[in-house]
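J.: Predicted coordinates and the sequence they were generated for:
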Amino acid sequence: MPRDDTAIDVVLFTGEDERAACASAIIAATEAIIADVPMVADSERWFRHSRQAIQTHRDGPTLDAAGLPPLVTALAKIMPRPSAEANHQHWLDATREVQVATTPAFGLVRVDDLYDRNQARRAGQIWQRMHLWATTQGLAMQPLNQPIERVDRERQLDAPPRFVQALEQLMQRPHRAPTFMFRVGYPAREASPSPRRSVAQVLQS
């Protein structure tokens, strides 16, 4: 991380109790998202289930990038698109039984001001660099940002700050705000490519 990024840092959690606390927060946040009908609807619009949708939008989560076994991925592609409820229940099951259950380390990217746009941009750049570097080292990284999403949602609804409090309990320096949560470990299988826009599509003149 560049020396001038004093407003941003990264914290890793590798101890058994720390990982259990991270897992608990992630599962609880996933359950809260699934119980939030508008969040489910917005999430469902973002999922690209068909090849046509992938080619049209070239963004969003896809079956290929879901980390499923190859046979399951192939079967899912030929089956009708599941309901939003079934899709999100599978997400919760995978989060609980696979993603947090097999993770040797969780991490947080933290900023001084959660809603400072420059800090948010730099935090995203730092995540991208870490992810690229980890790939060169044979490591896998995956965003598990559900608790952060619930922080924003609770703020939007003026609801009790349940997940602000849960995340504060994880941190040694609670005055900093987590803006990104992830897991890191060794992959069980090779990841499939995810859709990307070309440089020409994202450049602005």
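T.: Right, received. Where do you want to start?
J.: Give the helix, strand or coil label for Val184.
T.: The three-state label given to Val184 by DSSP: H, G, I helix; E, B strand; the rest coil is strand.
J.: May I ask you to confirm that it is in contact with Gly107?
T.: Yes. Val184 is in contact with Gly107 according to C-beta atoms under 8 Å; the separation is 6.2 Å. The way it works is simple: take the backbone N, C-alpha and C, and place the C-beta from them, glycine included.
J.: Touching both of those two, which residues are there?
T.: By C-beta atoms under 8 Å, 6 or more residues apart in numbering, Val184 and Gly107 have these common neighbours: Leu12.
J.: Compare these two (neighbour count), which wins?
T.: Gly107 (21 against 18; other C-beta atoms under 10 Å).
J.: partners of the helix or strand containing that one, with directions?
T.: In this assignment (DSSP states H and E), Gly107 forms part of strand 105-111. Note on strand 105-111: by DSSP bridges, its sheet partners are strand 8-13 (antiparallel), strand 177-185 (antiparallel).
J.: could you say what helices and strands whichever helix or strand comes after that strand packs with?
T.: Remark: after strand 105-111, the chain's next helix or strand is helix 117-136, criterion DSSP H and E. With contacts taken as 3 or more C-beta pairs under 8 Å, 6 or more residues apart in numbering; DSSP states H and E, helix 117-136 sits against strand 8-13, strand 105-111, strand 140-143, strand 177-185.
J.: ok, and for helix 117-136, which residues are buried?
T.: When burial is assessed from 16 or more other C-beta atoms under 10 Å, helix 117-136 yields the following buried residues: Gln119, Ala120, Arg122, Ala123, Ile126, Trp127, Met130, His131.
J.: cool, stretch 154-165 as well?
T.: Glu154, Arg162, Phe163, Val164.
J.: swap in stretch 54-67?
T.: Quick answer for stretch 54-67 (16+ other C-beta under 10 Å): Ile54, Gly60, Thr62, Leu63, Asp64, Ala65, Ala66, Gly67.
J.: Please apply the same query to stretch 42-57.
T.: So stretch 42-57, judged by 16+ other C-beta under 10 Å, has buried residues Ser43, Phe47, Arg48, His49, Ala53, Ile54.
J.: Show the end-to-end separation of that stretch, please.
T.: Terminal residues of stretch 42-57 are spaced 16 Å apart (C-alpha to C-alpha, to the nearest Å).
J.: With stretch 8-17 instead?
T.: Per C-alpha to C-alpha, stretch 8-17 runs 25 Å from first to last residue.
J.: what does it rub up against?
T.: 1, 19, 21-22, 104-112, 119, 122-123, 126, 130, 170-173, 176, 184.
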